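Chemist: this one's structure only:
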């Protein structure tokens, strides 16, 4: 039997190699164009993140020489403090080429970060998948659906810990589909507050802030803000707040002793750690509305409770806290307490 061999001419092989190289260049150019488009959209959004006002607490504060201020974090994109971390996490992921219009992000959230991710994802055209405990507020669930996010519900009893485990599991199983942004271990979370929130507080108080107090969830707000404030003035006291029980009603907060401690948490940042009672925080929602004109979420009320208790112990000072979001995110809670 006679065998025939087909030999590709040298010039044709060179042509095919050139075509392959050209295709690679085209693909890189297309990727660069897409990334630039995403970065342009991010730049447009950036002006709507941060720069929230500092609100004075006057009628509930009984100490004339102690000032209490709260950052109204709902006055920005997605109506919560989580716009800061979500935006910074997504921006860095786009810059690193980890997410684009094909490969989306996946993460776990009790609600606010989920809405922030979904809001930004909708604007950028990036797929967003979120693992959310089933007891998240109805308003947030509806918002996520409206924003086009893919929602995967986890047990209410497992909280955000179980949601984290589910997000990682799905990311590991589908690495080409998902990039696990992992807000609990992502340094871009706390850096958003280090570079933003802290500087805003410093400037808005005219460098007079003496105490910063805030609750722990992902711990990003507290860790990032405290680190920078300490650099600006080592005399500033930083106080962290936690629920006083593993079973609590402060959505987004963690009782660290009974929960998975976020990797970004730094226990050396706080000068003091305190605990607040859920029921006392809920009671304060009504008083905040009546005396301060503020409709607070449970976590915001818990921060206010911690700030008021701290003020009672001081002769003078300037206390700053954060109000993560607004009561409008929790209509079912308002109905039960008002």
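Modeler: Perfect, thanks for sending it. The model shown is predicted, which means the values in this text are computed figures rather than measured ones.
Chemist: could you measure the residue nearest the centre of the chain against residue 150, distance?
Modeler: Nearest to the geometric centre of the chain sits residue 82, at 3.2 Å (CA atoms, centre = their mean). Per CB to CB, to the nearest Å, residue 82 is found 18 Å from residue 150. The C-beta positions use only the backbone N, C-alpha and C, and glycine is treated the same way.
Chemist: next one: phi and psi at residue 270?
Modeler: The phi and psi values for residue 270, taken as degrees, to the nearest 10, are phi -80, psi 130.
Chemist: can you pull the contacts of the closest residue in space to it that isn't next to it in sequence?
Modeler: Spatial nearest neighbour of residue 270, chain neighbours left out: residue 240 (4.3 Å); criterion: CB to CB, 6 or more residues apart in numbering. Neighbour list for residue 240: 213-216, 222, 269-270, 272-274 [criterion: CB atoms under 8 Å, 6 or more residues apart in numbering].
Chemist: roughly how far does residue 240 sit from residue 93?
Modeler: 28 Å.
Chemist: and what of residue 302?
Modeler: Distance from residue 302 to residue 93, by CB to CB: 31 Å.
Chemist: who has more neighbours, the two?
Modeler: Using other CB atoms under 10 Å as the criterion, residue 302 and residue 93 rank with residue 302 on top: 31 against 20.
Chemist: quick one: what helix or strand has that one in it?
Modeler: Element membership of residue 302 [criterion: DSSP states H and E] is helix 298-312.
Chemist: could I get the buried residue list for that helix?
Modeler: For helix 298-312, a neighbour-count test (16 or more other CB atoms under 10 Å) marks 298-308, 310-311 as buried.
Chemist: closest to residue 137 out of the residues you listed?
Modeler: Set against residue 137, the nearest of those by CB to CB is residue 298 (9.9 Å).
Chemist: from memory that closest one sits against residue 282, does it?
Modeler: Yes: using CB atoms under 8 Å, residue 298 is in contact with residue 282, at 6.3 Å.
Chemist: spit out the residues that contact those two alike.
Modeler: 249, 333.
Chemist: so which helix or strand takes in residue 45?
Modeler: Using DSSP H and E, residue 45 falls in helix 10-46.
Chemist: show me what the next helix or strand after that helix pairs with in its sheet, parallel or antiparallel.
Modeler: As assigned by DSSP H and E, the chain's next helix or strand after helix 10-46 is strand 54-57. Sheet pairing for strand 54-57, assigned by DSSP bridges, gives strand 66-72 (antiparallel).
Chemist: strands paired with the helix or strand immediately after the helix holding residue 302 in the chain, and their directions?
Modeler: Downstream of helix 298-312, the next assigned helix or strand under DSSP H and E is strand 317-323. Strand 317-323 sits in its sheet next to strand 66-72 (parallel), strand 211-215 (parallel), going by DSSP bridges.
Chemist: out of those, deepest packed?
Modeler: strand 211-215 (a mean of 27; mean count of other CB atoms under 10 Å).
Chemist: which residues sit against the following helix or strand past that strand?
Modeler: From strand 211-215 onward toward the C-terminus, using DSSP H and E, the following helix or strand is helix 220-232. Here helix 220-232 makes contact (CB under 8 Å, 6+ apart) with 81, 84-85, 183, 189-195, 197-199, 201-202, 207, 209, 212, 214-216, 236, 238, 240, 262, 264-266, 269-270, 322, 324.
Chemist: I'd like to know the average pLDDT value across helix 220-232.
Modeler: Averaged over helix 220-232, pLDDT sits at 98.
Chemist: run the chain-centre distance for it.
Modeler: 15 Å (CA atoms, centre = their mean, to the nearest Å).
Chemist: likewise stretch 105-119?
Modeler: 8 Å.
Chemist: pLDDT of that stretch, averaged?
Modeler: Stretch 105-119 shows a mean pLDDT of 93.
Chemist: end-to-end on that stretch?
Modeler: 13 Å (CA to CA, to the nearest Å).
Chemist: just stretch 70-88 next, same as before
Modeler: 22 Å.
Chemist: residues touching residue 65, list them.
Modeler: Neighbours of residue 65 in contact, by CB under 8 Å, 6+ apart: 315-317.
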